[in-house]
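> here is a sequence together with a model predicted from it:
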Protein chains: 2
Amino acid sequence: MKKAVILLSGGLDSATTLAIARSEAYDCYALSLDYGQRHRAELQAAAAVAQSLGASAHRVVKLDLSMFGGSALTDSSIAVPTSPGVGIPVTYVPARNTIMLSLALAWMEVLAASDIFIGANAVDYSGYPDCRPEYIAAFERMANLALKSAVEGEAVGILAPLIALSKADIIRRGIELGVDYSQTVSCYQADEAGRACGRCDSCRLRRQGFTAAGVPDPTRYFA
Amino acid sequence: MKKAVILLSGGLDSATTLAIARSEAYDCYALSLDYGQRHRAELQAAAAVAQSLGASAHRVVKLDLSMFGGSALTDSSIAVPTSPGVGIPVTYVPARNTIMLSLALAWMEVLAASDIFIGANAVDYSGYPDCRPEYIAAFERMANLALKSAVEGEAVGILAPLIALSKADIIRRGIELGVDYSQTVSCYQADEAGRACGRCDSCRLRRQGFTAAGVPDPTRYFA
């Protein structure tokens, strides 16, 4: 049975990604990062999603990215924006996807897994550079030069099955695969109970996605 | 003044790398990783080296790589070898350089630094795949697709000035630049006082380097 490490934030995209990997008969190892994010309810959501979608294991790596600052998601002095802006937003966390993929590489090698799944999405991607297909391809190329296992002959894959899908397409695919989106938390400033603000970029994209997919939005909002 | 993030383990190579970056007029930010390594004296050595070579700041990121296992450096059930083996040794830590470079990317972006220095070396490299020039080049290419600052026009560099030097060349260069090698710890199983075993791969390469360079070995050995 093929093994894969799945980056699981607890949001809508990564939950769908885990469901896709399971549907492709992977033995799935879910990895979450506790990086000092504001939206702590994400991590509880990740644990619930990992269990309900049949991950064989779920690990949370603790890494304090707030020591570097520079993002509204880790620096409480920078406000989370509630209206669309221009360019790359302040919710961008420097090098976050690179760090998460690097940690997944370490676990992949120990597990002898063949692939890493990441829920990166280039359509409704909020302008983050590390969600583009060219970035994913460059990371894969680097990974195949970095790992002992890859150098010894087992090429590894970095798979981003959502990369070209709209949020509505992602939701339709997830519903087909039995994802319970009420377990997921996407909001950048969710409260401790996992309720969403309904106003940040992430909430807006998610709400528009449910509307466009014609699926009732199961999100609990506090505002 | 150009800024750079320097990966500083506390060993001979990274100390020399910091000295080279300083000699090239970089404002240097030293980054160490507390990854659950056996040789804890490394981190104290890193702090001493950062100070004596004039780093503007030194940060230690705590990240427990022992949760993934798979290396003699983080898994106490795997013995550190004391004689040369064949192939990639058990002291290889899965994805370690990729993880360290990824953390440096995050700090680089917040600092608006232009370069990252890493003391990777392909000559006396013990067979680690992530110490080869093609790996460093692939990481640099990926980094320039990952970072907001790079995408907006400021290309970043991943510099490995030791990559083609022998251990003896590295030591000669460091001596020219005033590195105090008695502050550095290379041993994979150094004791709490920073004394070296004299028998592991890292000790052997280091000792041979001092001999070949014609420089007295300042290393304190416990055996």
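Looks like it arrived, so ask away. Numbers count the residues shown, from 1 in each chain, chains lettered A, B, ... in the order given.
> and stretch A:30-42, what's buried?
Judged by neighbour count using 16 or more other Cβ atoms under 10 Å in any protein chain shown, the buried positions of stretch A:30-42 are A:30-33, A:35-42. In short, each C-beta sits where N, CA and C put it, glycine included.
> tell me which helix or strand comes right after the longest strand seen in chain A.
In chain A, taking DSSP state E as the definition, the longest strand is strand A:27-34. Next helix or strand after strand A:27-34 toward the C-terminus (DSSP states H and E): helix A:41-52.
> mind listing what's buried in that following helix?
A:41-50.
> model confidence over whichever helix or strand comes after that helix, on average?
Next in sequence after helix A:41-52, counting helices and strands by DSSP H and E, comes strand A:57-62. The average of the pLDDT scores along strand A:57-62 is 91.
> between helix B:96-111 and the helix or strand just after strand A:57-62, find me the angle.
Going down the chain from strand A:57-62, the next helix or strand is helix A:96-111, by DSSP H and E. Interaxial angle, helix A:96-111 versus helix B:96-111 (axes from the mean of the first three to the mean of the last three Cα atoms, to 10 degrees): 170 degrees.
> shaky segments in chain A?
A:38-39, A:69-92, A:124-126 (pLDDT under 70).
> one step back: export the buried residues of stretch A:30-42 as JSON lines, with columns for distance to chain B.
Formatted as JSON lines, these follow (distance: Cβ to the nearest Cβ, whole Å):
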{"residue": "A:Ala30", "distance to chain B": "14"}
{"residue": "A:Leu31", "distance to chain B": "10"}
{"residue": "A:Ser32", "distance to chain B": "12"}
{"residue": "A:Leu33", "distance to chain B": "10"}
{"residue": "A:Tyr35", "distance to chain B": "10"}
{"residue": "A:Gly36", "distance to chain B": "12"}
{"residue": "A:Gln37", "distance to chain B": "14"}
{"residue": "A:Arg38", "distance to chain B": "17"}
{"residue": "A:His39", "distance to chain B": "19"}
{"residue": "A:Arg40", "distance to chain B": "19"}
{"residue": "A:Ala41", "distance to chain B": "23"}
{"residue": "A:Glu42", "distance to chain B": "19"}
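> pick out the most distant pair among these.
A:Ala30 and A:Arg38 (21.5 Å; Cβ to Cβ).
> is it true that A:Ala164 touches A:Ala122?
Yes. If you go by Cβ atoms under 8 Å, A:Ala164 and A:Ala122 touch, sitting 6.6 Å apart.
> who's more crowded, these two?
Between A:Ala164 and A:Ala122, A:Ala122 has the larger neighbour count (other Cβ atoms under 10 Å in any protein chain shown), namely 17 against 11.
> tell me how far that one lies from chain B.
Using Cβ to the nearest Cβ, to the nearest Å, we find A:Ala122 at a distance of 12 Å from chain B.
> ok so, going back, common neighbours of A:Ala164 and A:Ala122, please.
Common contact partners of A:Ala164 and A:Ala122 (Cβ atoms under 8 Å, 6 or more residues apart in numbering or on different chains): A:Pro133.
> tell me how far the residue in chain A sticking out farthest from the centre lies from A:Lys3.
Within chain A, the residue lying farthest from the chain centre (Cα atoms, centre = their mean) is A:Glu152, at 29.5 Å. Per Cβ to Cβ, to the nearest Å, A:Glu152 is found 17 Å from A:Lys3.
> and stretch A:28-42, how far apart are its ends?
Using Cα to Cα, to the nearest Å, the span of stretch A:28-42 from its first residue to its last is 19 Å.
> cool, stretch A:60-68 as well?
End-to-end span of stretch A:60-68 (Cα to Cα): 20 Å.
> kindly report the same for stretch A:203-223.
12 Å.
> could you do stretch A:25-44 as well?
Per Cα to Cα, stretch A:25-44 runs 25 Å from first to last residue.
> what's the offset of it from the middle of its chain?
Relative to the chain's own centre, stretch A:25-44 is displaced by 8 Å; criterion: Cα atoms, centre = their mean, to the nearest Å.
> how about stretch A:111-124?
Averaging C-alpha positions (Cα atoms, centre = their mean) puts stretch A:111-124 9 Å from its chain's average.
> would you agree A:Thr16 is in contact with A:Glu176?
No. Using Cβ under 8 Å, A:Thr16 makes no contact with A:Glu176, being 9.9 Å away.
> out of these two, which sits in the busier spot?
A:Thr16 (29 against 11).
> quick check: closest non-adjacent residue to that one.
Leaving aside its chain neighbours, A:Thr16 sits nearest to A:Gly174 (3.9 Å; criterion: Cβ to Cβ, 6 or more residues apart in numbering or on different chains).
> OK, contacts around the one you found?
A:12, A:15-16, A:19, A:181.
> which ones among these map onto helices?
Among the contacts of A:Gly174, the residues falling in helices (DSSP state H) are A:12, A:15-16, A:19.
> what about those, which one has the most neighbours?
A:Ala15 (32 neighbours).
> ok, A:Ala160 touching A:Ile116?
No. Contact between A:Ala160 and A:Ile116 fails when scored by Cβ under 8 Å: they sit 9.4 Å apart.
> these two: who's more crowded?
Ranked by neighbour count (other Cβ under 10 Å), A:Ala160 and A:Ile116 place A:Ile116 first, with 28 against 25.
> and that one, that's in a strand?
Yes. With DSSP: H, G, I helix; E, B strand; the rest coil as the criterion, A:Ile116 is located in a strand.
> that one and A:Met108 touch, don't they?
Yes. In this structure, A:Ile116 is within contact of A:Met108 by Cβ under 8 Å, at 5.9 Å.
> overlap of the contact sets of the two?
Taking Cβ under 8 Å, 6+ apart as the criterion, A:Ile116 and A:Met108 both touch A:5, A:156.
> burial measure for the nearest residue to A:Met108 once chain neighbours are set aside, as a count.
In space, and not counting its chain neighbours, A:Met108 is closest to A:Val5: 4.9 Å by Cβ to Cβ, 6+ apart. Here the number of neighbours of A:Val5 (other Cβ under 10 Å) works out to 30.
> returning to that earlier point: would a markdown table of the contacts of A:Gly174 with distance to B:Ala213 be doable?
What follows is the contacts of A:Gly174, written out as a markdown table (distance: Cβ to Cβ, whole Å):
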| residue | distance to B:Ala213 |
| --- | --- |
| A:Leu12 | 58 |
| A:Ala15 | 56 |
| A:Thr16 | 57 |
| A:Ala19 | 58 |
| A:Tyr181 | 63 |
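> from the residues you listed, which is closest to B:Met67?
Using Cβ to Cβ, the contacts of A:Gly174 come closest to B:Met67 at A:Ala15, 22.9 Å.
> thanks again, I'm all set now.
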